[in-house]
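> Sharing a sequence plus its predicted fold:
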Amino acid sequence: MPPSKLKSIYLSLIIAFVFLLLPWSGFALKIRPDFILLVIIFWLIRAPNLCNVGTAWFTGLFVDLATGGIFGQYALAYTITAFFAVTYQRRLVLFNHTQQLFYVFLLLMISQIVLLIIKTFSGADALGWSYFLPSILGVLLWRVAVIFGLNTGGRSRGT
Amino acid sequence: MERRFNHRLEQQSAPAFFVRGPSPLARLAFFSALSLALMAADSRLEYLTSVRQSLQGMLHPLQLLANAPSRLYRDTTEYFSTHQYLLSENRTLKQTALKQSVDLQKLNALELENNNLRQLLQINKSIVETSVAAEIMHVGRDLFTKKIIVNRGATHNIVAGEAVVDATGVIGQVTRIYPLSSEVTLITDKSLAIPIQVERNGLRAIAFGHGRDNTLDLPYLPTNVDIQHGDKLVTSGIDGVYPAGLAVATVSQIEVTPDSPFARIICVPTGRVENHKQVLLVSIPAKVEPVETEIISPIKQEAKVKRSENTPIKLEVVKPEVAKPEIAKPAAIKAEPEKIQLPSESKPALVAPPNNTSKPHAAE
């Protein structure tokens, strides 16, 4: 277990967390992508032995704390998303970039839908279709990161 | 293909098949159950308040770090603001200060007069609120609720339930306290209700947040209710949370449909969360809440009586030099000595009976 990688996992999670804590407001808040989930998905694909469902759950707890909601909402959403990411991890590294992009989009949507279900149970109003904008922004962010040389294990790179 | 697959797995330091630990499904089941248990414990049983508080204290440095860029930007723009702008701002500030100091002098005289009149009438002194200035740290991150975080918390003696106002009106109520910050639920949140009074005719009602857009609803008012477009709504002070007479909202739309017995009234809040950075946390002294006071009953028996029969606006500040309980004792108690022996634990009615002014109470 390389400790350098473990360190970079925690560092990237903390940086993503600071991005979440930035004072977003208004429209920017509505389209803010889920940085933390993106980082978790990346590490789930890249280092499944270091980052697992438990990591996702624990990070979700901190997101719950930061958003001030009920404990366990984001934790549950991240857990379920991480489960799907881990289940298909071996297949995912064989995908090319476009397929991967689609898969990441699905994962982000799963997390948002789980959150929506939990919130609806607790009596929140529906927010309309714009609620899913963060997933699209998140996927764009993923694409940009891949263009800038992030190795997500896609096939098109140097085969 | 097979070789490349293996090669890639090695490159990513993916484990062999048998060192993965428990299966993902087992982990999913375990952690999902844990999350569900946490949700139940937090929302229904409220066990986790202290845990949340201590963890929030841990997050505070990160929060400051995240706020640093915007703070830096604001400070630099302030530093480079032009001479002309500062001069004009100084001028307008001086003018408003002059105007307000004149108003303040009048207010002092009026307060004195008011207190004298109240003493003559043998009713309690009106309450004095204390307030703490705070700054909005950031808008809440949850899209489903309308909340803001301000930079005053438990260490600054903030307590949950305080009213939050800005320069233009009420904006919300403190709902959660952290060591160095506190969470304010805005009046536009779906879960917050605020007792209001129409300024024009004194009609009382309760305004609810609409949740999705930044408006307030006035539900359950009949279609023939005397509310007009542009009416100003102020706090009624009936709840003992908000001081009376603060601006809340302006009526912007009234819809009467023949199929509903109630009018649909939409109001726009007066307070502007987006524009102001500073807010005021106003607390009515804790003693003001209906407290038990000892009263010597006509049958020479010591009994504890709730003071909720008092008019809510004139709630008593229990100080040694303030009016004695016998003076302020409502006539209703004198007439019925049995009622004095109410169990002291019984909670007073949330909304006290109306006072004897001639205002209409359509919303009661």
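Cool, the structure landed. Keep in mind it's a predicted model, so treat the numbers as computed, not measured. Numbers count the residues shown, from 1 in each chain, chains lettered A, B, ... in the order given.
> Tell me the bridge partners for residue B:194.
residue B:207 (DSSP bridges).
> count of residues packed around residue B:221?
Applying other CB atoms under 10 Å in any protein chain shown, we find 21 residues neighbouring residue B:221. Where C-beta positions appear, they are placed from N, C-alpha and C, glycine not excepted.
> Now it: closest residue in space that isn't a chain neighbour?
Distance criterion CB to CB, 6 or more residues apart in numbering or on different chains; nearest residue to residue B:221, sequence neighbours excluded, is residue B:263 at 5.4 Å.
> Give the buried residues for stretch B:158-171.
With burial defined by 16 or more other CB atoms under 10 Å in any protein chain shown, the residues of stretch B:158-171 counted as buried are B:158, B:161, B:162, B:163, B:164, B:165, B:166, B:169, B:170, B:171.
> before we move on, back to that, need the contact list for the residue nearest to residue B:221.
B:218, B:221, B:222, B:223, B:225, B:227, B:254, B:255, B:256 (CB atoms under 8 Å, 6 or more residues apart in numbering or on different chains).
> gap between residue A:76 and residue A:121?
Separation of residue A:76 from residue A:121 (CB to CB, to the nearest Å) stands at 11 Å.
> An error on my part: the question was meant for residue A:82.
From residue A:82 to residue A:121 the distance is 21 Å (CB to CB).
> between these two, who's got more neighbours?
In this view residue A:82 and residue A:121 are compared by other CB under 10 Å, and residue A:82 has more residues nearby, 31 against 9.
> Which residue comes closest to the most centrally placed residue in chain A once chain neighbours are left out?
Closest to where the C-alpha atoms of chain A average out (CA atoms, centre = their mean) is residue A:37, at 1.8 Å. In space, and not counting its chain neighbours, residue A:37 is closest to residue A:111: 5.6 Å by CB to CB, 6+ apart.
> May I have stretch B:187-196 as CSV, with CA atoms only?
What follows is stretch B:187-196 as a C-alpha-only set of coordinates in CSV (Å, rounded to 0.1, in the frame of the first residue of the first chain):
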residue,chain,number,x,y,z
ILE,B,187,-38.3,33.5,6.5
THR,B,188,-38.7,32.2,3.0
ASP,B,189,-37.9,28.7,4.1
LYS,B,190,-40.8,26.4,3.9
SER,B,191,-40.5,25.3,7.5
LEU,B,192,-40.6,28.7,9.1
ALA,B,193,-43.7,30.6,10.1
ILE,B,194,-43.8,34.2,11.4
PRO,B,195,-46.7,35.9,13.1
ILE,B,196,-47.4,39.2,11.3
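> Pull the residues that contact that stretch.
Taking CB under 8 Å, 6+ apart as the rule, stretch B:187-196 contacts A:123-125, B:145-147, B:170-173, B:185-186, B:204-211, B:214-216, B:218, B:233-239, B:242, B:248-249, B:269, B:271, B:351.
> one more time with 6 Å, if that's ok
B:145-146, B:172, B:185, B:205-209, B:211, B:214, B:233, B:236, B:238-239, B:248, B:269 (CB atoms under 6 Å, 6 or more residues apart in numbering or on different chains).
> Could I get the buried residue list for the helix or strand where residue B:132 lies?
In the assignment (DSSP states H and E), residue B:132 maps to strand B:130-139. Buried positions in strand B:130-139, judged by neighbour count with 16+ other CB under 10 Å: B:134, B:136, B:137, B:138, B:139.
> Just give me the neighbour total for the nearest residue to residue A:65 once chain neighbours are set aside.
Excluding the flanking residues, the one nearest residue A:65 by CB to CB, 6+ apart is residue B:55, at 5.3 Å. Residues near residue B:55, counting by other CB under 10 Å, number 17.
> One more: residue A:101?
Residues lying near residue A:101 (other CB under 10 Å) number 18.
> give the contact list for it.
Contact partners of residue A:101, counting by CB under 6 Å, 6+ apart, are A:139, A:143.
> Could you say which helix or strand holds it?
Residue-wise, residue A:101 maps onto helix A:97-121 under DSSP H and E.
> Could I get the average pLDDT for that helix?
For helix A:97-121, mean pLDDT rounds to 90.
> Show me how far it is from its chain's centre.
Relative to the centre of its chain, helix A:97-121 is centred 9 Å away, using CA atoms, centre = their mean, to the nearest Å.
> Heading C-terminal from that helix, find the next helix or strand.
Counting by DSSP H and E, the next helix or strand C-terminal to helix A:97-121 is helix A:133-147.
> List of residues touching that next one?
Defining contact as CB under 6 Å, 6+ apart, one finds that helix A:133-147 is touched by A:31-34, A:38, A:97, A:101, A:104-105, A:108-109, A:112, A:152.
> if we can go back for a sec, pull the contacting residues for the residue nearest to residue A:37.
By CB under 6 Å, 6+ apart, the neighbours of residue A:111 are A:37, A:77, A:81.
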